[in-house]
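Participant: give me the fold of what follows.
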Amino acid sequence: MSIDNYRRAIREIQDRTGLPDSEFFDMEYSPHCEEFLEAFTFYTETLGRNADYGITPAFMYFNNYTNRNAKAGLLHDTYLITINMGTLHWLMDNFKLNKRIETSEIPLVTVVSPFIDTAPGNLMYQMCFHFTVYHELAHLIQKSNYLESHLDEVPKANDYSDRRHLLEIDADEFSSLCLGTHLLQYAEKLYPQSLNKEILEGLLIFCLVPIFIYMISFGGGKEDIYFKEKTHPHPIIRVMLVTLTICHYINQSLVESGKEFLVDN
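Facilitator: Next up is the predicted model:
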């Protein structure tokens, strides 16, 4: 997809919602223009594939904010996923373009790198981006009353509700199922005949680590664990849920496909 396609999509969003030009990030002159376009194309197609949930019309776009955040909202009967441009920049700097990952002697990296067909930092970047967008997609599918005020990913203090926490947990679970699907398909593509427990567990751990790092970057990682505070559950609770959900999904899939091994939780 080209810059012109992106701009046409932006104009359609503006026609439907009345959002001003200042809301939208002009990616043309960004050093990461290719990654912005690639993400926009992939996730726009993802929204189309999920239209059966009744979330139409639906659009994804990048805004001008430089901090990390993402939002799901409903404006003038239009479903929107908004990603701060700073989110992509942070993921690029910390994962995809982080040369320290490729040269690292950390066992996780050195062991897994020979078994994948892309740079380790790129795989980390992709998994975090997938997690973000699928989480927001889940919020659209939920169609809660919060959508009209937009659900975002930065935890807010003194705004706790059981319902909000449940919505976040449900969105994490949906995103985890999507990640599990991607991960298993990727592993089976790489090793159609020789996939085994060790390879799959290595890939699983490798993909969970960046999600943990990414999640705590939004805040709360240094705080004591809490259960009835803020708009989002504590990051540790969320990471545990993501891990268990992905492992459970993968093991179910392995059983259904007749594999003779399972991954350990």
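Participant: make it CA atoms for all contacts and neighbour counts henceforth
Facilitator: OK.
Participant: tell me who's in contact with T82.
Facilitator: Counting by Cα atoms under 8 Å, 6 or more residues apart in numbering, T82 touches M60, Y61, F62, N63, A70, K71, A72.
Participant: give me the element it is part of.
Facilitator: Element membership for T82, per DSSP states H and E: strand 78-84.
Participant: and that strand, how far from the chain's centre?
Facilitator: How far strand 78-84 lies from its chain's middle: 13 Å, per Cα atoms, centre = their mean, to the nearest Å.
Participant: dump the C-alpha coordinates for it into CSV.
Facilitator: The C-alpha coordinates for strand 78-84 follow below in CSV (Å, rounded to 0.1, in the frame of the first residue of the first chain):
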residue,chain,number,x,y,z
THR,A,78,-17.1,4.5,13.1
TYR,A,79,-14.8,2.0,14.9
LEU,A,80,-11.3,3.2,15.3
ILE,A,81,-8.0,1.8,16.4
THR,A,82,-5.5,4.6,17.0
ILE,A,83,-1.8,3.9,17.5
ASN,A,84,0.6,6.7,18.7
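Participant: how close does the spatially closest residue to T66 that is not a sequence neighbour sit to Y134?
Facilitator: With Cα to Cα, 6 or more residues apart in numbering as the criterion, T66 has its nearest non-adjacent residue at 3.9 Å, and that residue is G86. Per Cα to Cα, to the nearest Å, G86 is found 18 Å from Y134.
Participant: please apply the same query to M215.
Facilitator: For M215, the distance to Y134 equals 14 Å [Cα to Cα].
Participant: quick one: buried residues of the strand holding T82?
Facilitator: Residues of strand 78-84 classed as buried: Y79, L80, I81, T82, I83, N84 (neighbour count, 16 or more other Cα atoms under 10 Å).
Participant: tabulate the CA atom coordinates of stretch 90-106 in PDB.
Facilitator: Coordinates of each C-alpha in stretch 90-106 appear next as PDB, following Å, rounded to 0.1, in the frame of the first residue of the first chain:
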ATOM      1  CA  TRP A  90       9.800   2.900  20.600                       C
ATOM      2  CA  LEU A  91       9.300  -0.700  19.300                       C
ATOM      3  CA  MET A  92      11.700   0.000  16.400                       C
ATOM      4  CA  ASP A  93      14.400   1.500  18.700                       C
ATOM      5  CA  ASN A  94      14.100  -1.100  21.400                       C
ATOM      6  CA  PHE A  95      13.700  -4.200  19.300                       C
ATOM      7  CA  LYS A  96      13.900  -4.100  15.500                       C
ATOM      8  CA  LEU A  97      16.800  -1.700  15.300                       C
ATOM      9  CA  ASN A  98      18.500  -2.700  18.500                       C
ATOM     10  CA  LYS A  99      21.800  -4.100  17.400                       C
ATOM     11  CA  ARG A 100      22.600  -5.200  21.000                       C
ATOM     12  CA  ILE A 101      20.000  -7.900  20.600                       C
ATOM     13  CA  GLU A 102      21.700  -9.400  17.500                       C
ATOM     14  CA  THR A 103      25.100  -9.300  19.200                       C
ATOM     15  CA  SER A 104      23.900 -10.300  22.600                       C
ATOM     16  CA  GLU A 105      25.400 -13.400  24.300                       C
ATOM     17  CA  ILE A 106      22.200 -13.900  26.400                       C
END
